[in-house]
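Participant: Quick one, what's the 3D model for this:
(2 chains)
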Amino acid sequence: GAVVSQHPSWVICKSGTSVKIECRSLDFQATTMFWYRQFPKQSLMLMATSNEGSKATYEQGVEKDKFLINHASLTLSTLTVTSAHPEDSSFYICSAKIGGGGSNEQFFGPGTRLTVL
Amino acid sequence: DAKTTQPPSMDCAEGRAANLPCNHSTISGNEYVYWYRQIHSQGPQYIIHGLKNNETNEMASLIITEDRKSSTLILPHATLRDTAVYYCIAPYGQNFVFGPGTRLSVLP
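Facilitator: Reported below is the predicted structural model:
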């Protein structure tokens, strides 16, 4: 149980285009989803937290107008990288937290590798 | 900054126990400690978590000191597939802050 999927797993795009990444909780409802970014040989960095039906909370230094997050349902959150540039090339990972309870356990997706040419 | 500190790397012989330490001296009384691992180019995989008592599951054991300032993840019989970066996390509220982790290399 507690499986999180991401689509696509790998994407290459031209500079200036927008890319949408989907994150789905397959067998549970996730009231909260998280988006991380990981550059080569570095650790994961939290970009934003999204709660179903409300606006995402962005970490300091993350441009909300560039990284659009939508959490329209309890099983789906999307991250859109708008006007992507080569410096946005990275490994994007989402995670989901089961609603309620005291545990903060997060279930991670397999990641999406974005390459911007 | 992460609230945990871990050694940057460790080696372990295949079949032997791997003991990965973590310091979390600023953890508060009701915060769990979580362990995840990340194999290259994959999303982090949950291993185990605990609050005060030692915990064991099919993957690993977690030993937490009585003062809760440190813990040790134990992989009882490491295999080559256990080679990964291991993260010890003490959340800020519901947020995970990942430190650099420990890169465990299991050697044949």
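Participant: pLDDT below threshold where in chain A?
Facilitator: Where chain A drops to pLDDT under 70, the residues are A:1, A:99-102.
Participant: At the contact with chain B, which residues of it appear?
Facilitator: Applying Cβ under 8 Å from any Cβ of the partner chain, we find that chain A lies next to chain B at A:4, A:6, A:32, A:34, A:36, A:42-46, A:49, A:91, A:93, A:95, A:97, A:103-111, A:113. For glycine as for every other residue, the C-beta is placed from the backbone atoms N, C-alpha and C.
Participant: can you map out the strands along the chain?
Facilitator: Here I'm looking at chain A. A:4-7, A:10-13, A:19-25, A:30-38, A:45-51, A:57-58, A:67-73, A:76-81, A:90-98, A:106-108, A:112-116 (DSSP state E).
Participant: wait, I meant chain B there
Facilitator: B:9-13, B:18-23, B:33-38, B:45-50, B:55-56, B:61-64, B:70-75, B:84-89, B:102-107.
Participant: Contacts only, for B:Arg16.
Facilitator: Taking Cβ atoms under 8 Å, 6 or more residues apart in numbering or on different chains as the contact definition, B:Arg16 lies against B:77-78.
Participant: scratch that, B:Ile64 is what I was asking about
Facilitator: Applying Cβ under 8 Å, 6+ apart to B:Ile64 gives the contacts B:33, B:50-54, B:70-71.
Participant: Recalculate using a threshold of 7 Å.
Facilitator: B:33, B:50, B:52, B:54, B:71 (Cβ atoms under 7 Å, 6 or more residues apart in numbering or on different chains).
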